[in-house]
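S.K.: I would like the atomic coordinates for the input below:
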Amino acid sequence: MKYRKFGILLLSVVLLVSLVSCDVIQDFIKSRTRNIALIKLYNSFGEETKYIQPNDTLYIEAQGLAPGKLYRVTCKDPEGKEITELTALADADGNIQRQPLWYDVGLEKKEIGGVTYVQFPTDSDLSLKAFEINIKDASGAKAAGGATDFSLNFFVVIQNKVSRPQPIVIAGKMVGSEFVAENNFNAGDQLYVKIFNLASITPAVNKMRIYIVPFKGTAYEEGDLIANAILYQDIDATALTAAPKNLDEIMITGDWKKDTTENWNAGIPAAHQGKAFSVILDCNADGYFNITKAGIADYYIDGIDGNMAPGFVVTKAPAPAYLIKANIASGGIFSWNYSTWTYDYDYRDVFKKDGYDTKYEPHYGVPYGIKAIWNPYINWGGSPPTPNTPSIYYGTYVDVYIVAEDDYTEDKDAPIKPAPGTHPIRMPVQYSCMNGLGQQTIWPAPMTVGNYYVVVDMDCNGKMTNYDIVDDRAKDDTLRTVGGFSVVSGYDL
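M.R.: Numbering: from 1, shown residues only. I've put the predicted structure just below:
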């Protein structure tokens with residue numbers, strides 16, 4: 001009799017559960033559990049990894065956060081000292097979309113003659129030390145269930161203990177007898193390139209080739225054609241076979257020339273001001289970018305300085321003493337003009353509220369909305385962003401604001417007021433380049449109808465001060481009288 005009653009009870013429970021909707025069950029579970037943030041790290045080739053080579057770019061992605069909440073993401077060195085940081089708004093699904101956190105990974109600060117430069121890391125035990133990514137609530141307020149505070153360790157690895165490591169390519173210049181990494185050149189400067197981690201080339205090749213190519217704004221992937229080369233230099237077999245055969249590094253001199261139309265022997269020509277470039281090491285000089293290793297007996301691993309971020313830029317004339325005026329608000333859909341060898345960086349005067357015609361690339365974490373792209377590159381008047389980070393490793397960032405037309409002022413030291421519904425976005429930038437070409441979305445769609453300015457706060461002090469950048473420009477670089485851009489409900493208005 002007891003068994004019969006138990007069976008009836010069990011059948012009743014099963015029937016009750018079957019009548020309850022999945023949504024009710026899910027809501028019940030969610031109300032009694034707390035999501036655990038999942039942090040993912042990527043290199044510039046889009047590979048998820050915890051091992052990053054020097055001079056690459058480290059990308060961050062996170063899930064399981066509170067939708068619509070602002071978070072602070074920091075990168076710390078093995079001693080716990082901050083290198084760089086960003087702020088990010090979790091989307092409607094509680095995700096921080098993939099975005100760059102640390103450019104020029106692992107490069108160290110070095111003072112030469114009272115000037116700070118950056119150099120290749122000198123610590124041979126570098127890969128044994130754990131760096132840290134940390135995500136916290138940016139407001140400092142505790143959400144229901146406690147404040148967010150998650151961390152993940154990663155390593156900066158000079159992979160010289162594997163049979164075929166990837167070469168590390170760095171554009172730079174000479175300061176006295178020392179080579180220093182450099183992202184920002186003036187017309188007339190000599191370009192040098194140093195290749196680290198250069199193992200024996202097996203099978204043997206007759207030459208390797210270094211290309212200087214226009215920066216294309218997207219990643220080089222396996223098998224991509226190395227197109228539109230401005231210059232190249234060949235490294236012949238003599239240099240490759242000279243003792244020792246396992247080369248640690250090799251210097252490519254400033255003797256850059258291609259033909260009668262392009263010659264950089266006297267320095268970078270002024271015609272290239274305002275342009276960005278990548279430097280590619282083609283290990284077997286076949287004209288293709290090869291990085292695949294597994295399952296190929298005669299593979300070649302090419303290297304690059306400038307994958308998803310410029311290897312170097314050539315700056316324009318010096319900036320004014322106070323505010324720098326430049327186009328910034330972009331849809332992010334670049335196009336290349338082969339007749340003029342120039343990019344169209346998709347600067348716009350008007351954006352649709354839904355943002356559906358802006359760049360959207362979920363593989364790289366680029367959502368619909370307004371991007372911050374400040375090009376052409378300009379000389380920053382000798383005053384780059386200088387957040388006082390204590391680490392020996394170089395990292396820097398700026399704060400980017402969307403400011404409503406009615407709240408905008410150019411009064412010196414006036415507070416920068418973010419437009420309603422927006423937040424200042426702390427954005428890492430490259431050493432020296434200080435550009436926004438990494439496709440960070442500073443205002444995700446949907447946006448609010450109105451007229452706006454973009455303000456880049458270079459020293460992150462929250463005020464209008466020297467060398468801050470303002471977008472009050474029309475697409476043709478003339479002054480707009482109603483902000484740098486407008487948001488409308490549709491282009492038919």
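
S.K.: drop to CA atoms for contacts and neighbour counts, all remaining ones
M.R.: OK.

S.K.: what about stretch 412-423, how long is it end to end?
M.R.: End-to-end distance for stretch 412-423, by Cα to Cα, to the nearest Å: 21 Å.

S.K.: could you pull out the helices for the protein?
M.R.: 2-19, 22-31, 237-241 (DSSP state H).

S.K.: Comparing those by mean pLDDT, which bottoms out?
M.R.: If you rank the helices of the chain by mean pLDDT, helix 22-31 sits at the bottom with a mean of 44.

S.K.: The nearest residue to Ala92 once chain neighbours are set aside and Val456, how far apart?
M.R.: Excluding the flanking residues, the one nearest Ala92 by Cα to Cα, 6 or more residues apart in numbering is Pro67, at 4.8 Å. Pro67 sits 26 Å away from Val456, going by Cα to Cα.

S.K.: Just the pLDDT at the residue nearest to Ala92, thanks.
M.R.: Predicted confidence (pLDDT) for Pro67: 87.

S.K.: what do you get for Val455?
M.R.: 95.

S.K.: Pro362 too?
M.R.: Confidence for Pro362, expressed as pLDDT, is 71.

S.K.: can you count the residues close to it?
M.R.: Neighbourhood size, Pro362 [other Cα atoms under 10 Å]: 11.

S.K.: so where's the stretch 151-300 of the chain uncertain?
M.R.: 159-164, 199-205, 237-248, 293-300 (pLDDT under 70).

S.K.: those strands in it, which residues are they?
M.R.: 168-175, 178-181, 184-185, 192-196, 207-214, 224-225, 231-236, 249-252, 257-259, 262-263, 275-282, 288-289 (DSSP state E, counting those that start in this stretch).

S.K.: how far away is Ala372 from Lys352?
M.R.: Applying Cα to Cα to Ala372 and Lys352 gives a distance of 16 Å.

S.K.: These two: which is more packed in?
M.R.: Using other Cα under 10 Å, the more surrounded residue of Ala372 and Lys352 is Ala372, with 28 against 22.

S.K.: doesn't Gln440 make contact with that one?
M.R.: Yes. Counting by Cα atoms under 8 Å, Gln440 is a contact partner of Ala372 at 6.5 Å.

S.K.: Who has more neighbours out of Pro67 and Val456?
M.R.: Val456 (29 against 15).

S.K.: what's across from the more buried one in the sheet?
M.R.: Beta-bridge pairing of Val456 under DSSP bridges involves Val400, Ile469.

S.K.: about what we covered before: now do the contacts for the residue nearest to Ala92.
M.R.: Listed by Cα atoms under 8 Å, 6 or more residues apart in numbering, the contact set of Pro67 reads 90-95.

S.K.: How many neighbouring residues does Asp123 have?
M.R.: A count of nearby residues for Asp123, using other Cα under 10 Å, gives 8.

S.K.: neighbours around Leu152, how many?
M.R.: 16.

S.K.: Check the gap between it and Tyr393 for me.
M.R.: Note on Leu152: its distance to Tyr393, by Cα to Cα, is 18 Å.

S.K.: Could you check the pLDDT of the residue nearest to the spatial centre of the chain?
M.R.: In the chain, the residue lying closest to the centroid (Cα atoms, centre = their mean) is Pro100, at 3.8 Å. Looking at Pro100, its pLDDT reads 89.

S.K.: What separation is there between the residue nearest to Ala92 and Asp406?
M.R.: The value you get for Pro67 to Asp406, if Cα to Cα is used, is 29 Å.

S.K.: again with Val449
M.R.: In terms of Cα to Cα, Val449 sits 13 Å off from Asp406.

S.K.: Give the burial count for the residue nearest to Glu182 when sequence neighbours are not counted, as a bare number.
M.R.: Spatial nearest neighbour of Glu182, chain neighbours left out: Gly172 (4.3 Å); criterion: Cα to Cα, 6+ apart. A count of nearby residues for Gly172, using other Cα under 10 Å, gives 22.

S.K.: ok, now Thr478?
M.R.: Neighbours of Thr478 (other Cα under 10 Å): 11.

S.K.: Show me the domain layout of this structure.
M.R.: 38-102+122-156, 168-308, 314-493 (automatic domain parsing).

S.K.: wait, Ala474 sits on Arg348?
M.R.: Yes. Contact criterion Cα under 8 Å: Ala474 and Arg348 qualify, at 7.3 Å.

S.K.: what sits in contact with each of the two?
M.R.: Phe485.

S.K.: What about the contacts of Pro67, which one has the most neighbours?
M.R.: Asn95 (23 neighbours).

S.K.: what sits against the residue nearest to it when sequence neighbours are not counted?
M.R.: Nearest residue to Asn95 in three dimensions, chain neighbours excluded: Gln63, at 4.4 Å (Cα to Cα, 6+ apart). Applying Cα under 8 Å, 6+ apart, we find Gln63 in contact with 37-39, 94-96.

S.K.: just Asp282 next, same as before
M.R.: With Cα under 8 Å, 6+ apart, Asp282 has these contacts: 208-211, 288-290, 302-303.

S.K.: Can you tell me which of those is closest to His272?
M.R.: For these, the minimum distance to His272 (Cα to Cα) is 15.9 Å, reached by Tyr211.

S.K.: Help me confirm that the closest one comes into contact with Val279.
M.R.: Yes. With contact defined as Cα under 8 Å, Tyr211 counts as touching Val279 (5.7 Å).

S.K.: what's the neighbour count on Glu361?
M.R.: Using other Cα under 10 Å, Glu361 is surrounded by 11 other residues.

S.K.: So it sits against Gly369, correct?
M.R.: No. Between Glu361 and Gly369 there is no contact under Cα under 8 Å: 11.4 Å.

S.K.: Start and end of stretch 109-127, how far apart?
M.R.: 18 Å.

S.K.: Show me what it is in contact with.
M.R.: By Cα under 8 Å, 6+ apart, stretch 109-127 touches 54, 106-108, 155-158, 175, 179-182, 392-394.

S.K.: now do stretch 83-90
M.R.: With Cα under 8 Å, 6+ apart, stretch 83-90 has contacts from 65-77, 96-97, 101-102, 138, 389-391, 393-397, 425-428.

S.K.: Among those residues, which are located in strands?
M.R.: Among these, the members found in strands (DSSP state E) are 70-76, 96-97, 101-102, 396-397, 425-428.

S.K.: Let me know the pLDDT of the spatially closest residue to Val118 that is not a sequence neighbour.
M.R.: Once flanking residues are discounted, Val118 sits nearest to Lys109: 4.6 Å by Cα to Cα, 6+ apart. Lys109 carries a pLDDT value of 90.

S.K.: Tell me, how many residues neighbour Lys109?
M.R.: Counted with other Cα under 10 Å, Lys109 comes out at 19.

S.K.: for Leu323, same thing?
M.R.: 18.

S.K.: I'd like the distance between it and Asp413.
M.R.: Leu323 is 11 Å from Asp413, by Cα to Cα.

S.K.: Spit out the residues that contact the two alike.
M.R.: Thr465.

S.K.: So which bits of stretch 277-297 are buried?
M.R.: Using 16 or more other Cα atoms under 10 Å as the test for burial, stretch 277-297 gives 277-285, 287-291.

S.K.: Just name the most buried of the strands of the stretch 151-300 of the chain.
M.R.: strand 275-282 (a mean of 25; mean count of other Cα atoms under 10 Å).

S.K.: So in that sheet, which strands flank it, and in what orientation?
M.R.: Strand 275-282 has its sheet partners listed here by DSSP bridges as strand 207-214 (antiparallel), strand 303-305 (antiparallel), strand 312-314 (antiparallel).

S.K.: I figured the residue nearest to the centre of the chain was touching Glu61, is that so?
M.R.: No. With contacts counted by Cα under 8 Å, Pro100 stays clear of Glu61, the gap being 9.1 Å.
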